[in-house]
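> Need the 3D shape of this:
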Amino acid sequence: MFSNGAFKNPFADFDFTKVAGDFKMPAVNVESVVETARKNFAVLTSANTAAVETIKTIAQRQGDMVRAAMEDFSKHGSEVLAAATVEEKAIKNLEFAKKAYETAISNAKEISEMVGKSQTEAFDALNARVAELTEEVKAALAAKK
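Sure, this is the predicted structure:
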């Protein structure tokens, strides 16, 4: 390794081209890889866009629900103040509580259905792409045989 005090690289005389020439790398269809990535990205972008739109829709609907609840509460307060007896006030409070409970259950169900529908649509799109990708890989492997 050392001749006359200088370092000599042990691989300096080694011919890497001979070894590399014997090593066969499979051909990669770059167009196919790029197209697959483009399709995957398009499906993910579409799913994310749909999710954002659903979040915006749900937020708007929840705002509408809160606004309606506040209007009902204000109306209820006026009705209770207008009631002549304590019994009438109690009945109005019970009726309001029942209506508020039923509305809350209905609103929760509506929001839940919106979220469920959005998730189903997103998973369906992703599952369709996975199935498509599986077929593309099978076809590519079959073509190499």
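
> going on from the helix or strand bottoming out on mean pLDDT in the chain, what's the next piece of helix or strand?
Using mean pLDDT, DSSP states H and E, strand 2-3 stands out as the lowest-scoring helix or strand of the chain, at a mean of 53. Later in the chain than strand 2-3, the nearest helix or strand by DSSP states H and E is strand 6-7.

> Confirm that Phe14 sits in a strand.
No. Phe14 sits outside any strand when classified using DSSP: H, G, I helix; E, B strand; the rest coil, being coil.

> what's the burial count for it?
9 (other C-beta atoms under 10 Å). Yep, even glycine has a C-beta here, placed from its N, CA and C like the rest.

> What separation is there between the residue most central in space within the chain and Thr54?
By C-alpha atoms, centre = their mean, the chain has its centre lying nearest to Asn48, at 5.2 Å. Asn48 is 11 Å from Thr54, where distance means C-beta to C-beta, to the nearest Å.

> and what of Glu71?
26 Å.

> neighbour-wise, which of those two wins?
Taking neighbours as other C-beta under 10 Å, Glu71 and Thr54 compare with Thr54 leading, 17 against 10.

> Make sure that one is actually in contact with Glu113.
No. With contacts counted by C-beta atoms under 8 Å, Thr54 stays clear of Glu113, the gap being 11.5 Å.

> which neighbours do those two share?
When contacts are counted by C-beta atoms under 8 Å, 6 or more residues apart in numbering, the set common to Thr54 and Glu113 is empty.

> what about Ile111, how many neighbours?
With other C-beta under 10 Å as criterion, Ile111 counts 14.

> That's all I had, so thanks and see you.
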